[in-house]
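Student: Sequence first, predicted coordinates after that:
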Amino acid sequence: MTARMSQARNGRSPRFLRRGLVCTLAAVGAWSMGIVGLAPAALAADAQTKQWYLEGMRAEEMWKTTTGEGIKVAVIDSGVNPSTPSLKGQVLKGVNATEEAAGGSTDDYDGQGTTTAELIAGTGSGGGLRGLAPGAKIIPVRIPLLKHDAVPQINDPLDRAIRAAADSDAQIINISVGNQYAIGLNMFGEQAAMEYAVRKGKLLIAGTGDNAKMGNKVQYPAAYPEVVSVVPSRRDGRAADYSQHGKFVDIAAPGVGLPRWCDAKFQSYCDDGGGSTAATAIASASAALIWSAHPEWTANQVLRVLFDTAGRSWKTGTRSTYLGHGLIRPRKVIIDGKGNPGAPDAKLLADEVMPIPSGSPKPSAPASSQARKAKPGGDAVVAGSSEKAEDDGQLGLIIGAAAAAAILAGGAFAVVRKRRNS
């Protein structure tokens, strides 16, 4: 059959077909533009499915008791975009602590601060990230994002940022910056600012750093005794192999393979997020849930119950150089009513209570084959080599598919304050 015969049989001329083709292409183009326009929302919805820890920590069940309402978290980071669907109505007036624009805008210039805020208090609206404490509010404190090996400014904005956060209504101060040099030498007064914040009853939380493969240098402010240092854990409960480890590590929280805003354009989420910044956000949100459920408690009491309910496999009375006191499990307090807060003014001297044992296997070391099966619907029963349990960078967790679900169902993760030898 020739083309001419086909045209005659259908009663359509070449001109008609050309016109139809143009219309079809126009329709396809319009449809494609619509898809592109909807792409961020679609990507956002998909991002929620990658927040693997929410189900395991039994977030929905905790939210029946508290969502973190009444708690404010100061986020010292790159700023916060209050207009993302997940953060609308969640962000309060903040402070710009940068040297060049003190008192100016707190808009996010990088995307990291907004990701942090969403992981803490995002509502999940519009398919955005769901915060672990969606009832909490965010106070943004904008600061330059300093590289881990860069020399800080002489007029370091971190001091201003911490003092501003301490003077705010925030109960929790989430610090997303860290450095291995001057701010670790107390040259510019940051530690005095942290002491000031602690005296005002604030809880300071910061990440241990993600540069272990570059020498595993101690990172500040996480290593200061006034700050709770957080290491990111993987789905199986092991510490991320790129995270700093040592005596300064306090706690672990989920922080590997999480979504993040790709950049300050806020058009889409990327899948390569996480690290100590994300883990710090989840630790802050965990503390917010506890504090909201027990508003009469002090910062020390919140820390004590998180310590008391930590998920760990090693011997009681010791802690890990990779996971500190264990994995945060706020649901043990909120759902199960566990944890002893102690006296309101009793300081938790974590280094004395949980000393670091000698020796430390790497996070990637093979797990013991002596693991016991997890109880269905409950915490995974963890067991490892008795020689390594005291300081096992893997938390001694041996997990297959079923056990992984069980350990996640167990929640995980605890927060503690420490005192280091000087």
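Tutor: Looks like it came in fine.

Student: Only C-alpha atoms from now on, for both contacts and neighbour counts.
Tutor: Noted.

Student: so where is this protein shaky, pLDDT-wise?
Tutor: Applying pLDDT under 70 to the chain flags the ranges 1-45, 99-103, 146-155, 180-190, 316-317, 346-422.

Student: residue ranges of the helices in it, please?
Tutor: Secondary structure of the chain (DSSP state H): helices located at 3-10, 14-48, 53-56, 59-63, 112-121, 157-167, 190-199, 276-293, 299-308, 330-334, 350-353, 401-409.

Student: looking just at contacts, which helices and strands does the fourth one meet?
Tutor: Other elements packing on helix 59-63 under the criterion 3 or more Cα pairs under 8 Å, 6 or more residues apart in numbering; DSSP states H and E are helix 330-334.

Student: Which elements pack onto the helix it packs on?
Tutor: Judged by 3+ Cα pairs under 8 Å, 6+ apart, helix 330-334 is in contact with helix 59-63, helix 276-293, helix 299-308.

Student: could I get the ones you listed as a markdown table with distance to Tyr224?
Tutor: Below are the helices and strands packed on helix 330-334 laid out as a markdown table (distance: least, Cα to Cα, whole Å):
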| stretch | distance to Tyr224 |
| --- | --- |
| helix 59-63 | 30 |
| helix 276-293 | 15 |
| helix 299-308 | 16 |
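
Student: which of these sits most buried?
Tutor: Most buried of the helices and strands packed on helix 330-334, by mean neighbour count (mean count of other Cα atoms under 10 Å): helix 276-293, with a mean of 29.

Student: by how many degrees do that helix and helix 112-121 diverge?
Tutor: 30 degrees (axes from the mean of the first three to the mean of the last three Cα atoms, to 10 degrees).

Student: which residues of the stretch 51-200 of the chain fall in strands?
Tutor: 72-77, 95-96, 137-142, 172-175 (DSSP state E, counting those that start in this stretch).

Student: so can I have a markdown table of those strands showing distance to Asp345 and mean neighbour count?
Tutor: Below are the strands of the stretch 51-200 of the chain laid out as a markdown table (distance: least, Cα to Cα, whole Å; neighbours: other Cα atoms under 10 Å):
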| stretch | distance to Asp345 | mean neighbour count |
| --- | --- | --- |
| strand 72-77 | 22 | 30 |
| strand 95-96 | 30 | 24 |
| strand 137-142 | 26 | 29 |
| strand 172-175 | 17 | 28 |
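
Student: So which of those strands is nearest Gly255?
Tutor: Minimum separation from Gly255 across those (Cα to Cα) falls at strand 172-175, 14.9 Å.

Student: Give me the sheet partners of that closest one and which way each runs.
Tutor: According to DSSP bridges, strand 172-175 forms sheet pairs with strand 72-77 (parallel), strand 203-207 (parallel).

Student: quick one, the longest one and helix 157-167 angle?
Tutor: Just to be clear, that refers to strand 72-77. Relative orientation of strand 72-77 versus helix 157-167 (the same axes, to 10 degrees): 170 degrees.

Student: got the contact list for strand 72-77?
Tutor: 112-113, 116-117, 136-145, 161-162, 165, 169-177, 284, 288 (Cα atoms under 8 Å, 6 or more residues apart in numbering).

Student: list the contacts for Asn211?
Tutor: Asn211 neighbours (Cα under 8 Å, 6+ apart): 148, 217, 242-244.

Student: Just the ones in strands from those residues, please.
Tutor: Judged by DSSP state E, strands contain none of the contacts of Asn211.

Student: Select only the buried ones of the residues you listed in PyMOL?
Tutor: A single PyMOL command selects the buried members of the contacts of Asn211 (16 or more other Cα atoms under 10 Å):
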select buried, resi 148+217+242+243+244
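
Student: Can I get the contacts of Asn211 in TSV including distance to Trp314?
Tutor: Listed next are the contacts of Asn211 as TSV, based on distance: Cα to Cα, whole Å:
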residue	distance to Trp314
His148	31
Lys217	25
Tyr242	22
Ser243	20
Gln244	20
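
Student: now the closest residue to Lys202 other than its chain neighbours: how far from Arg312?
Tutor: Closest residue to Lys202 apart from its sequence neighbours, by Cα to Cα, 6 or more residues apart in numbering: Gln171 at 5.1 Å. Here the criterion is Cα to Cα, to the nearest Å. By it, Gln171 lies 27 Å from Arg312.

Student: Then Pro85?
Tutor: In terms of Cα to Cα, Pro85 sits 37 Å off from Arg312.

Student: Of those two, which one has the most company?
Tutor: Arg312 (29 against 18; other Cα atoms under 10 Å).

Student: Verify the stated contact: the more buried one with Leu327.
Tutor: Yes. The criterion here is Cα atoms under 8 Å, and Arg312 meets it with Leu327 at 6.6 Å.

Student: where exactly do the strands run in the stretch 251-400 of the chain?
Tutor: Counting by DSSP E, counting those that start in this stretch, the strands of the stretch 251-400 of the chain are 251-254, 256-261, 269-274.

Student: Quick one, which of the ones you listed gets closest to Ser292.
Tutor: Among the strands of the stretch 251-400 of the chain, strand 251-254 comes nearest to Ser292, with 19.3 Å by Cα to Cα.

Student: would TSV of the strands paired with strand 172-175 with distance to Gln191 be doable?
Tutor: TSV is the format used below for these (distance: least, Cα to Cα, whole Å):
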stretch	distance to Gln191
strand 72-77	15
strand 203-207	12
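
Student: Spit out the contact partners of the residue lying closest to Lys332 once chain neighbours are set aside.
Tutor: Distance criterion Cα to Cα, 6+ apart; nearest residue to Lys332, sequence neighbours excluded, is Lys338 at 5.5 Å. Lys338 is in contact with 305, 309, 332, counting by Cα under 8 Å, 6+ apart.
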